[in-house]
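S.K.: Fold the stuff below for me.
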Amino acid sequence: MTSPVINEKIEVFKKCIEDIISVLKSTDEKKLYVKYSAEEWSAMQVVSHVLEAVEFWVADLEALLIIPGAKWGRNHEHVRRLAAVEESIVAELKVEDAIASLQNLIPKVEAALSKVKEEDLEKTAPSYNPNFDDKPLSFLVDHLIVKHVVGHHGQIIRCLAKVQ
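M.R.: Below is the predicted model of the structure:
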C-alpha cells in the first residue's frame with residue numbers, strides 16, 4: 001500500500017501533467033514551437049525536456065531502490081538532456097505524440113513511486129552532480145520529478161504568454 005506522502009506526490013505530478021496537456025491542446029500548434037529569444041526554450045522544447053528528464057529520473061529512482069547508495073544523477077551537459085532540447089529534434093516532435101508521451105509518464109511515475117517506502121525517502125547516495133551529492137531520495141522524488149515538472153509547467157505558460 002502506498003503511503004499518504006507518496007500518494008500526494010503522485011497526485012501533484014498527475015495534475016501537473018494533465019495541466020501541461022491541457023495547455024498543449026488549447027494552444028495554436030505553431031506557437032508551441034516559437035522561441036521568444038535565443039536564450040529561451042520554446043514551449044515544445046520544454047515539453048521535450050520534461051519527457052526526457054522524467055524518464056531519466058524515474059530510471060535513476062528505480063535503480064536506487066534496487067541498489068541503495070549507488071551513485072546517481074547527471075549534470076547539465078548530459079548528452080540525452082541536451083539532445084532532447086535540440087531544435088531540429090523538437091521540430092520533429094508532433095504535439096499529439098508529445099501528449100501521448102506525457103500521458104504515458106503518469107502510470108510510469110505512479111508505478112515507480114508506489115515502490116518507494118517512506119523510510120526510503122531518507123536514504124542518501126553520492127551523485128555525479130556535486131550539487132546533489134548525498135541528497136536523500138526524497139530530493140530526487142520531490143525536486144527532480146514532481147517539482148521539476150511543476151516548474152516547467154509554469155515555464156511553458158510564461159513562454160506562451162511571451163509569444164502570443
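S.K.: Lys35: neighbour count?
M.R.: By other Cβ atoms under 10 Å, 17 other residues sit near Lys35. The way it works is simple: take the backbone N, C-alpha and C, and place the C-beta from them, glycine included.
S.K.: dump the residue contacts of it.
M.R.: Trp41, Ser42, Gln45, Glu87 (Cβ atoms under 8 Å, 6 or more residues apart in numbering).
S.K.: Of those residues, which belong to helices?
M.R.: Among the contacts of Lys35, the members falling in helices (DSSP state H) are Gln45, Glu87.
S.K.: Mind jotting down where the helices sit in this structure?
M.R.: Along the chain, the stretches classed as helices by DSSP H are 4-26, 29-32, 43-66, 79-84, 87-91, 95-114, 137-139, 147-163.
S.K.: circling back: relative to Ser114, which of the contacts of Lys35 is nearest.
M.R.: Gln45 (30.5 Å; Cβ to Cβ).
S.K.: From Ala63, how far out is the nearest residue to that closest one once chain neighbours are set aside?
M.R.: In this structure, Gln45 finds its nearest non-sequential neighbour in Val85, 4.6 Å apart by Cβ to Cβ, 6 or more residues apart in numbering. Here the criterion is Cβ to Cβ, to the nearest Å. By it, Val85 lies 24 Å from Ala63.
S.K.: Enumerate every residue touching Leu61.
M.R.: Leu61 makes contact with Ala112, Leu113, Val116, Leu137, Leu140, Val141, Ile145, according to Cβ under 8 Å, 6+ apart.
S.K.: Put together TSV for the residues you listed, with pLDDT and distance to Ala59 on each row.
M.R.: TSV is the format used below for those (pLDDT from 0 to 100; distance: Cβ to Cβ, whole Å):
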residue	pLDDT	distance to Ala59
Ala112	96	9
Leu113	96	13
Val116	95	14
Leu137	95	14
Leu140	96	11
Val141	96	13
Ile145	97	11
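S.K.: Drop anything exposed from the residues you listed.
M.R.: Buried residues within the contacts of Leu61, counting neighbours by 16 or more other Cβ atoms under 10 Å: Ala112, Leu113, Val116, Leu137, Leu140, Val141, Ile145.
S.K.: follow-up on the earlier one: and the residue nearest to Gln45, how many residues sit next to it?
M.R.: Neighbour tally, Val85, other Cβ under 10 Å: 17.
S.K.: contact partners of the helix or strand of the chain with the lowest mean pLDDT?
M.R.: Between all helices and strands in the chain, the lowest mean by mean pLDDT, DSSP states H and E belongs to helix 79-84, at a mean of 82. Helix 79-84 has contacts (Cβ under 8 Å, 6+ apart) with Ser48, His49, Leu51, Glu52, Ala53, Phe56, Arg74, Ile89, Val90.
S.K.: Cool, thanks, signing off.
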